[in-house]
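Asker: quick one: sequence plus predicted model below, questions after.
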Amino acid sequence: MKQKIRMGMVGGGKGAFIGAVHRMAAAIDGEIELVCGAFSSDPEKSSASGAELGLPPERCYPTFEAMIKGEKRLNPEKRMHFVSIVTPNHVHFAPAKMALENGFHVVCDKPVAFNLQEALKLEKLVEKTGLFFALTHNYTGYPMVKQARQMIRHGELGVVRKVVVEYPQGWLSTNLEASGNKQASWRTDPTKSGAAGAMGDIGTHAENLAEYITGQHITEMCADISTFVPGRLLDDDGNVLLRLSGGAKGILHASQIAAGEENNLSIKVYGEKGGLEWRQMEPNTLIVRWLDQPTQMYRTGVGKLYPESLAHTRIPAGHPEGYLEAFANIYRNFAVTLRARLEGREPDPLYTDFPTVADGVRGMRFIEKVIESGKMGAKWVSLK
């Protein structure tokens, strides 16, 4: 029987949204099992959360420090292989740093850290230790996103000229944080979220998706950042002009006060020969428009697709594959790559595709520079 990859979790206790998402995603493929956790800064809540998940009391730790120290003392055949960090932004760095320093691989929710300085320190630690670090930019896990990436990499659209990526939400159109809503409260608190609100929370997803699909990095930007809700301490809307490393120009829009919008992440990429369009709320469809032939509609699992797309398709065509499946692709790829290392062999390159600490550093640099540009009155700034 194949041994499962063992996961410990920091955060994600009772009442936490993203912790449950991570656990479901990690469990879908049967590659990973949760063996321990420090699920809350409240030791009693951590213990109760672990008990609900069926963990033995001795593997439910009061703090992440106790978990990492305790797991390191265990027999290698029992201790966790990696730590999954699912806390608010300001509690990403310390457990990630300690895990890496003690020989544990890391999966971390995005953004990677509270600020760029912390992200750069983690990047150096990953380079020094040689450990794996995955960042859950889960939208890169969709099969049609991977199809779009491969079409561009293989030159089907020609040289990329323009990118339009947007992520509108409407859930923070009112002062929801004043009502005690936990998710709204920490995301709008600069001591927990960091320098940015909407641009850090969802703008980084748009930034990462644009870079992932095009294969180009953002080199310069000009940002108009706004806070519309009275009394809010961080941005809730932003519009950004982009210049990319391969010569493409772009527009990035992220908003959490787009009333009526749900989770409408979308991207359009235009090359010399044609353009493509993908929407997260209709993730099984990729639309490709050509200069000299009819518009084509690619569907997940249907027809001649690139191996990278097919390898991340889970169920027969016509069955919707959504958020959890895309999230699970990140965890599956991480587990497959980690298992190969543990067994002393090279991993299948189809499954080594997951966001890393380098993506996290670029995301933090994006946050820092987009806020800098906004404060300067929409001046161009360099990310180089």
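Answerer: Looks like it came in fine.
Asker: state the phi and psi torsions of the residue of the chain most remote from its centre.
Answerer: In terms of distance from the mean C-alpha position of the chain, residue 292 ranks first, at 36.3 Å (Cα atoms, centre = their mean). Here is the backbone geometry of residue 292 (degrees, to the nearest 10): phi -130, psi 20.
Asker: and the pLDDT at it?
Answerer: As predicted, residue 292 sits at a pLDDT of 92.
Asker: hmm, residue 129 is touching residue 99, no?
Answerer: No - in this structure, residue 129 is not within contact of residue 99 by Cβ atoms under 8 Å, at 9.9 Å. Quick note: C-beta positions are derived from backbone N, CA and C, even for glycine.
Asker: so which strand or helix has residue 191?
Answerer: Using DSSP states H and E, residue 191 maps to helix 190-193.
Asker: helices of the stretch 51-200 of the chain, start to end?
Answerer: In the stretch 51-200 of the chain, helices defined by DSSP state H, counting those that start in this stretch lie at 64-73, 93-101, 116-129, 143-153, 182-187, 190-193, 198, listed in chain order.
Asker: most packed of these?
Answerer: Counting by mean count of other Cβ atoms under 10 Å, helix 198 has the highest mean neighbour count of these, with a mean of 28.
Asker: burial count for residue 158?
Answerer: 13 (other Cβ atoms under 10 Å).
Asker: nope, residue 174 is what I meant
Answerer: The burial count for residue 174: 13, using other Cβ under 10 Å.
Asker: same thing with the one 3 residues further on?
Answerer: Neighbour count of residue 177, defined by other Cβ under 10 Å: 21.
Asker: show me what contacts it?
Answerer: By Cβ atoms under 8 Å, 6 or more residues apart in numbering, the contact list for residue 177 reads 184, 185, 187, 188, 189, 232.
Asker: measure the closest residue to it other than its chain neighbours to residue 139 for me?
Answerer: Leaving aside its chain neighbours, residue 177 sits nearest to residue 184 (4.2 Å; criterion: Cβ to Cβ, 6 or more residues apart in numbering). To residue 139, residue 184 is 22 Å away according to Cβ to Cβ, to the nearest Å.
Asker: all strands of the stretch 201-350 of the chain, in order?
Answerer: Under the criterion DSSP state E, counting those that start in this stretch, strands of the stretch 201-350 of the chain are mapped to 218-226, 237-244, 249-255, 266-271, 274-279, 285-290, 296-299.
Asker: could those be laid out in CSV, adding mean neighbour count?
Answerer: Compiled in CSV, the strands of the stretch 201-350 of the chain are given as follows (neighbours: other Cβ atoms under 10 Å):
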stretch, mean neighbour count
strand 218-226, 20
strand 237-244, 21
strand 249-255, 22
strand 266-271, 21
strand 274-279, 20
strand 285-290, 17
strand 296-299, 14
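Asker: make JSON lines out of the ones you listed and add distance to residue 49.
Answerer: Shown next, in JSON lines, are these (distance: least, Cβ to Cβ, whole Å):
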{"stretch": "strand 218-226", "distance to residue 49": "36"}
{"stretch": "strand 237-244", "distance to residue 49": "35"}
{"stretch": "strand 249-255", "distance to residue 49": "32"}
{"stretch": "strand 266-271", "distance to residue 49": "35"}
{"stretch": "strand 274-279", "distance to residue 49": "35"}
{"stretch": "strand 285-290", "distance to residue 49": "38"}
{"stretch": "strand 296-299", "distance to residue 49": "40"}
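Asker: if we can go back for a sec, next secondary structure element downstream of the helix holding residue 191?
Answerer: Next in sequence after helix 190-193, counting helices and strands by DSSP H and E, comes helix 198.
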